[in-house]
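In: quick one, what's the 3D model for this:
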Amino acid sequence: QEQLVESGGGLVQPGGSLRLSCTATASRSPFSTWSMTWYRQAPGKQRELVARLHYSGTTNYADSVKGRFIISRDNAKKTLYLQMNNLTPEDTAVYYCNSYFPNTYWGQGTQVTVSA
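Out: So this is what the prediction gives:
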């Protein structure tokens, strides 16, 4: 059964950086053909799209993270990344990775807390 395993969350001070990772454990189809996203959900709020990486290489970002976050992938390692820079308390949330094409999978989520 396919799984997405996330890592890299934690506690960071405002202005700091974190890099999240999301690794596909089975990948029956070539990982390079997957289109993937990062979502986040803060307490009491709806889950929101943070960044998207189409298998073609096209990226999209939420306005709130443009210029600070970078989504990327390493197909050889079957891993999706989210580099998060200049973090603010408003970035505090559980972050989820998701594959939406050719199949839909979700990771279990990783907590990111930005606090002094």
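
In: residue furthest from the geometric center of this protein?
Out: Most distant residue from the mean C-alpha position of the chain: A116, 23.0 Å away (CA atoms, centre = their mean).

In: verify the stated contact: W38 with Y100.
Out: No: assessed by CB atoms under 8 Å, W38 is found out of contact with Y100, at 11.5 Å. The way it works is simple: take the backbone N, C-alpha and C, and place the C-beta from them, glycine included.

In: these two: which is more packed in?
Out: W38 (26 against 14; other CB atoms under 10 Å).

In: so how far is T79 from G44?
Out: For G44, the distance to T79 equals 31 Å [CB to CB, to the nearest Å].

In: these two: which is more packed in?
Out: The neighbour count for G44 versus T79, taken as other CB under 10 Å, is higher for T79 (18 against 5).

In: what residues are up against the more buried one?
Out: S21, C22, T23, A24, R73 (CB atoms under 8 Å, 6 or more residues apart in numbering).

In: can you pull out the strands in this protein?
Out: Assigned by DSSP state E, the strands in the chain fall at 4-7, 10-12, 18-24, 35-41, 48-53, 59-61, 69-74, 79-84, 93-101, 105-106, 110-114.

In: can I get these in CSV with mean pLDDT?
Out: Shown next, in CSV, are these (pLDDT from 0 to 100):
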stretch, mean pLDDT
strand 4-7, 95
strand 10-12, 98
strand 18-24, 97
strand 35-41, 98
strand 48-53, 98
strand 59-61, 98
strand 69-74, 98
strand 79-84, 98
strand 93-101, 96
strand 105-106, 93
strand 110-114, 98
